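Q: model this:
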Amino acid sequence: MPTANAQEEEFTTTIKTRGRYVEGKGIELRFFPDKPAILNTGLQSGFVIERAIGETGDFAEIARVQPFSDAEWEAAITAAEPGSETQDYLDLAWNFLQSATTPAGGAFNFQEGISSMRQQKAEEDFEYAVFVLSAIREAQVAEALGLSYLDADVEAGISYVYRVSIVESHPLYSVVSEPFVIEASKNENEFSNEIYVYEGDTELNFAWEETARLSGYYVERMGPGEDSFSLLNDAPLYNLSGKLNDQEGRGGYRDENLENYERYIYRFYANNIFGERVLVDEIEAMPRDRTPPGQPYLQKPEHVAPREVEILWEMNDVPAEDLMGFAVGRSATPEGNFSVLNGSLLNKESRSFIDTSFVEGARNYYVVQAIDTAFNVSSSLPVSVMLIDTIPPVQPVFESGIIDSTGVVTLSISKNTERDLMGYRIFRANDPEHEFSVVDESFVEIDTLNQEIQVVFNDTVTLNSLTPYIYYRTKALDFNYNQSSFSDIMKIERPDTIPPTTPVFKRVINRANEIELHFALSQSKDVEAHQLYRKGNMEEPWEVYAALETTQQIFVDSLARQGVIYYYSLRARDNSELYSDFAKAVYGKAYDDGVRPVVDDLSLEMQEGTVTLSWNYEQMDENTFFVIYKTDQQGRLISHGRSDSLEFSETINPDEVAGYAVRTYTADGGQSRLSDQVVYEP
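A: Numbering: from 1, shown residues only. As a prediction, this is how the structure comes out:
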């Protein structure tokens, strides 16, 4: 069922607007509704034209237009030259207007209703197409139908935006006005459109991209020996797809029964949307021989001598008259790039060739190409040769071999470089001294398009075996079934399913700034690593703290903080990524010796009788304070004051000598040694 948005889009339409700037006149507009129903409504009620200047978005109504009255139609038709195209198009458009504005009625037949409605729809669409072509073809028709407007109130160099709507809304369709942007400046290439040509055999094929600016193409030709152009089509060439919408269509024209290698000149004209016939392009072209000679039939090449491959082919009983000769090509693959073997073209009577430069130990594919005097080419199908070969491939080499926890073995072989390599056989044994049996093989066919040599093989073995290893060998084969010698043995260890034994802690030594751990490592032979774990709370998960050396039995935790209890455990990991159980946890605590760091960068500054001490202390916190020491009259440092920050100030006699030092204290009783002394001297 269509969505709401899809239904809205189905009943939404627009009015396309096109225009051009004409110096001295203004901007000419043409507008075309997308739907015949909207056209009919506009023809009855009229169209509203709005304009905005630049990108302001401020649209204002500048005009309302509608078709001529009956009297104006009669006057326009009478004023036109009798029997002219203008009079014919005006008369046709007036009839269309009368038909479009006259409601269609009648009884609806339910038995023939659908076909009747389809017929009516087809007739309306045809009338709409006739209207479009008429309005485009003749400027007076567009004006008479109220589908054109000249905006004379414009200024050169200024951009304008126009949009067109209908005066009265339609009961079914919603009209969304499509803005049209144009600058009031002359465009020299406005109606140019490049014509493309393909020079065929006794014919020329022309093509161009359809645009909304041009329609109704006419083609003129001047042939060899002629001094004037002749019109080739009585009726204009139309391609309605893309005519009034934004989708591009393609127009074309074919001129046949021409003389090859004679030059022809063509002119292409079209009508623009303002009723003018304009020259679109002029092009010169020449038909050429494009018919290749008959296809050679290549027999299977034969290796007739150690350094000779004979290539034979056949042609039709009566070869093409313009056949010039043959070329023989060779490639390593049937779809590859074939190298030409003959230095000069073989004459047209040739039906054989001897190749002495083929590649031994490789695939050699041949083709024969027939070439005519116009260098048209036809090629035989590629055919390979079976070379007489007694040289086996070199000994293959395993790149890797692994086995997973389910017993699936993956073997990787370093691909041999022989050009005639056909594939590999895989052999297996449970003991290197046993006879190896074939477990897998993969070969490509010499004439297949799939030339991918398999170098990765899979095998499945049991894990419940008393033999810890499985052994593999391989042989390479070429297309003559020459076998290489056995590869070296690939030894693969079966997966280990037994975890290593658990390491054990033996001793914990607590010191002032570190905790020393002694332990016995796992005794399993396949252990690859031991990991030490640490945490501060037994309720938390274990986290890896350090990777131990292979034979390490002591670990010193120098990052332990004084007074904090740490818990430790160990695990072993073997070469199968199996882990032991966690070792029984132990704990340790680095005790506090009461010694605190000395302050750094103690300095003294004297200013206007006030001495200020300042220093740094990295472990400063709320439990830290400092005691200031000052020299007495005998030069001894005695306790003088206290500071909870990193400075101390006091007023002293500027004429006396004073020495200071600082000691750090913490609330838990810790203290540092006395700092170095700083001295003030007058």
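Q: what comes up buried for stretch 194-209?
A: Under the neighbour-count criterion of 16 or more other Cβ atoms under 10 Å, stretch 194-209 has 195, 197, 199-200, 204-206, 208 buried. Every residue, glycine included, has its C-beta placed from N, CA and C.
Q: and which of those residues is nearest residue 656?
A: Distance to residue 656 across the buried residues of stretch 194-209 (Cβ to Cβ) is lowest for residue 208, with 107.6 Å.
Q: quick one: that closest one and residue 250 touch, right?
A: Yes: the pair formed by residue 208 and residue 250 meets the contact definition of Cβ atoms under 8 Å, at 7.1 Å.
Q: Test my guess that residue 19 contacts residue 49.
A: No: at 10.8 Å, residue 19 and residue 49 do not qualify as touching, with contact defined as Cβ under 8 Å.
Q: Compare neighbour counts for these two and give me the winner.
A: Applying other Cβ atoms under 10 Å to residue 19 and residue 49 shows that residue 19 carries more neighbours, namely 22 against 19.
Q: how far is stretch 425-432 from where the chain is centred?
A: 46 Å (Cα atoms, centre = their mean, to the nearest Å).
Q: What mean pLDDT does it get?
A: Model confidence over stretch 425-432, given as mean pLDDT, is 95.
Q: tell me the phi and psi of the nearest residue to residue 295 once chain neighbours are set aside?
A: Sequence neighbours aside, residue 378 is the residue nearest to residue 295 in space, at 4.6 Å (criterion: Cβ to Cβ, 6 or more residues apart in numbering). When quoted as degrees, to the nearest 10, the phi and psi of residue 378 stand at phi -120, psi 140.
Q: Can you report how many residues neighbour residue 378?
A: When counting by other Cβ under 10 Å, one arrives at 17 neighbours for residue 378.
Q: correct me, but it touches residue 296?
A: Yes: shown here, residue 378 and residue 296 form a contact pair, counting by Cβ under 8 Å, at 7.2 Å.
Q: hey, what's in contact with both of those two?
A: In terms of Cβ atoms under 8 Å, 6 or more residues apart in numbering, residue 378 and residue 296 are both contacted by the residues 369-370.
Q: residues shared between the contacts of residue 19 and residue 49?
A: Contact with both residue 19 and residue 49 is made by residues 29, 162, according to Cβ under 8 Å, 6+ apart.
Q: Any regions of the stretch 101-250 of the chain where pLDDT drops low?
A: Under the criterion pLDDT under 70, the flagged ranges of the stretch 101-250 of the chain are 101-137, 240-248.
Q: what do you get if the cut-off is 80, keeping everything else the same?
A: Using pLDDT under 80 as the threshold, the predicted model of the stretch 101-250 of the chain has low-confidence ranges 101-138, 187-192, 212-213, 238-249.
Q: All the strands of it, in order from the start?
A: Counting by DSSP state E, counting those that start in this stretch, the stretch 101-250 of the chain has strands at residues 148-151, 159-166, 174-177, 180-183, 196-199, 204-210, 214-222, 230-231, 249-255.
Q: Present these as a markdown table; the columns should include distance to residue 274.
A: Written out in a markdown table, the entries for these read as follows (distance: least, Cβ to Cβ, whole Å):
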| stretch | distance to residue 274 |
| --- | --- |
| strand 148-151 | 8 |
| strand 159-166 | 15 |
| strand 174-177 | 21 |
| strand 180-183 | 13 |
| strand 196-199 | 26 |
| strand 204-210 | 17 |
| strand 214-222 | 11 |
| strand 230-231 | 22 |
| strand 249-255 | 20 |
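Q: out of those, nearest to residue 29?
A: Comparison of the strands of the stretch 101-250 of the chain against residue 29 by Cβ to Cβ identifies strand 148-151 as nearest, at 4.6 Å.
Q: The closest one pairs with which strands, and in what direction?
A: Each strand paired with strand 148-151, and its direction, by DSSP bridges: strand 26-33 (antiparallel).
Q: ok now the partner strand, how far from the chain's centre?
A: Distance of strand 26-33 from the chain centroid (Cα atoms, centre = their mean) equals 42 Å.
Q: just stretch 515-529 next, same as before
A: Going by Cα atoms, centre = their mean, where stretch 515-529 is centred and where its chain is centred differ by 52 Å.
Q: picking that back up, so what's the residue nearest to residue 295 bridging to?
A: When bridges are taken as DSSP bridges, the partners of residue 378 come out as residue 370.
Q: Spit out the contact partners of it.
A: Contact partners of residue 378, counting by Cβ under 8 Å, 6+ apart, are 292-296, 369-370.
Q: Now with 7 Å, please.
A: If a contact means Cβ atoms under 7 Å, 6 or more residues apart in numbering, then residue 378 has 292-295, 369-370 as its contacts.
Q: What of residue 160?
A: Listed by Cβ under 7 Å, 6+ apart, the contact set of residue 160 reads 27, 51, 53, 154, 182, 184.
Q: Strands of the stretch 251-400 of the chain, residue ranges please.
A: In the stretch 251-400 of the chain, strands defined by DSSP E, counting those that start in this stretch lie at 264-272, 277-285, 297-298, 302-305, 308-314, 323-331, 339-340, 346-347, 352-355, 365-372, 377-379, 383-384, 397-403, listed in chain order.
Q: Can you tell me which of the ones you listed is packed in deepest?
A: Taking mean count of other Cβ atoms under 10 Å as the contact definition, the stretch among the strands of the stretch 251-400 of the chain with the greatest mean neighbour count is strand 365-372, which reaches a mean of 23.
Q: Tell me how many other residues crowd the nearest residue to residue 617 once chain neighbours are set aside.
A: In space, not counting the residues next to it along the chain, residue 617 is nearest to residue 599; the distance is 5.1 Å by Cβ to Cβ, 6+ apart. Other residues near residue 599 number 23, with proximity taken as other Cβ under 10 Å.
Q: Residue 91: how many residues sit nearby?
A: As a burial measure, the neighbour count of residue 91 was computed by other Cβ under 10 Å and equals 15.
Q: does it count as helix, strand or coil?
A: Using DSSP: H, G, I helix; E, B strand; the rest coil as the criterion, the local structure at residue 91 reads helix.
Q: Same question for residue 72.
A: For residue 72, the secondary structure call by three-state DSSP comes out as helix.
Q: per-residue confidence for it?
A: With respect to pLDDT, residue 72 has a value of 87.
Q: Make 3 the starting number, not 1.
A: Sure, I'll start counting at 3 from here, so that last one is residue 74.
Q: Can you report how many residues lie near it?
A: Counted with other Cβ under 10 Å, the neighbours of residue 74 add up to 12.
Q: And it, how far from residue 81?
A: Distance of residue 74 to residue 81, given as Cβ to Cβ, to the nearest Å: 10 Å.
Q: same deal with residue 397?
A: If you measure residue 397 against residue 81 using Cβ to Cβ, the figure is 101 Å.
Q: These two: which is more packed in?
A: Neighbours of residue 397 and residue 81, each counted by other Cβ under 10 Å, are more numerous for residue 397; the result is 14 against 11.
Q: what pLDDT does the closest residue to the more buried one other than its chain neighbours get?
A: Nearest in space to residue 397, with sequence neighbours left out and distances taken as Cβ to Cβ, 6+ apart, is residue 487 at 4.9 Å. Residue-level confidence at residue 487 comes out at 95, pLDDT.
Q: Confirm that residue 78 sits in a helix.
A: Yes: assigned with three-state DSSP, residue 78 falls within a helix.
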